[in-house]
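[1] coords please:
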Amino acid sequence: ALLVYVFDVNELSEIELKIDLQNLQRAGMPIIAVANKIDLGGKNSISINPSEEIKYLEISAQQKQHIEELKTLIYKTAIQGRLTGEETVITNIRHLEALKRTNEALERVLYGMENPVTSDFLAMDIKQALYYLGEITGAVTTDDLLENIFSKFCIGK
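    Presented below is the predicted three-dimensional model:
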């Protein structure tokens, strides 16, 4: 979660802003304080010490000043600590479905190992898990995929 606090830089004093930000910090989420209407002049003197919890940016929404910086800041703050390069990102729905089926088969294997299930059934579930992984890695051929499709759907001649 992320809180974007947009305020009119010409209407809000620095003291009022600091009080607002202190209250908003209680929500326990990162805050981006956005001072809008910097193009109108007469700007109040606001000095915010940016921190891990509070980022500060001045923009003019009407003149579209610093909007790209705001988008970048929102993006970076929103994903902060979520994608570190260690995570796996799945971009193909077919791969996601194959991974789900692999997981289901492996859960059956774990269940079978903890309960009185014969090794024949365990072997079937392990083979299924390997098959589904093969759909992702390419070990399963196009003929195998077509056979899978035709076995699930009645396609007329």
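
[2] where do the helices sit along the protein?
    For the chain, helices defined by DSSP state H occupy the ranges 14-25, 67-78, 93-114, 119-137, 142-152.

[3] Mind putting those helices into TSV with distance to Lys55, mean neighbour count and mean pLDDT?
    (C-beta placed from N, C-alpha, C; glycine too.) Compiled in TSV, those are given as follows (distance: least, C-beta to C-beta, whole Å; neighbours: other C-beta atoms under 10 Å; pLDDT from 0 to 100):
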stretch	distance to Lys55	mean neighbour count	mean pLDDT
helix 14-25	11	14	88
helix 67-78	6	14	90
helix 93-114	33	14	91
helix 119-137	39	15	89
helix 142-152	48	10	62
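
[4] For Leu57, which of those helices is the nearest?
    Leu57 sits nearest to helix 67-78 of all the helices of the chain, at 5.7 Å, using C-beta to C-beta.

[5] Show me what the closest one is packed against.
    Secondary-structure packing of helix 67-78 (3 or more C-beta pairs under 8 Å, 6 or more residues apart in numbering; DSSP states H and E): strand 31-36, strand 54-58.

[6] So what touches that helix?
    With C-beta atoms under 8 Å, 6 or more residues apart in numbering as the test, helix 67-78 has contacts from Leu2, Val4, Pro30, Ile32, Val34, Lys55, Leu57, Ile59, Ala61.

[7] rewinding a little: reformat the helices of the chain as TSV; add distance to Ser47.
    Below are these laid out as TSV (distance: least, C-beta to C-beta, whole Å):
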stretch	distance to Ser47
helix 14-25	7
helix 67-78	18
helix 93-114	48
helix 119-137	53
helix 142-152	62
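
[8] circling back to that earlier point, CSV for the helices and strands packed on helix 67-78, including mean neighbour count and distance to Leu122?
    Formatted as CSV, those follow (neighbours: other C-beta atoms under 10 Å; distance: least, C-beta to C-beta, whole Å):
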stretch, mean neighbour count, distance to Leu122
strand 31-36, 21, 52
strand 54-58, 19, 53
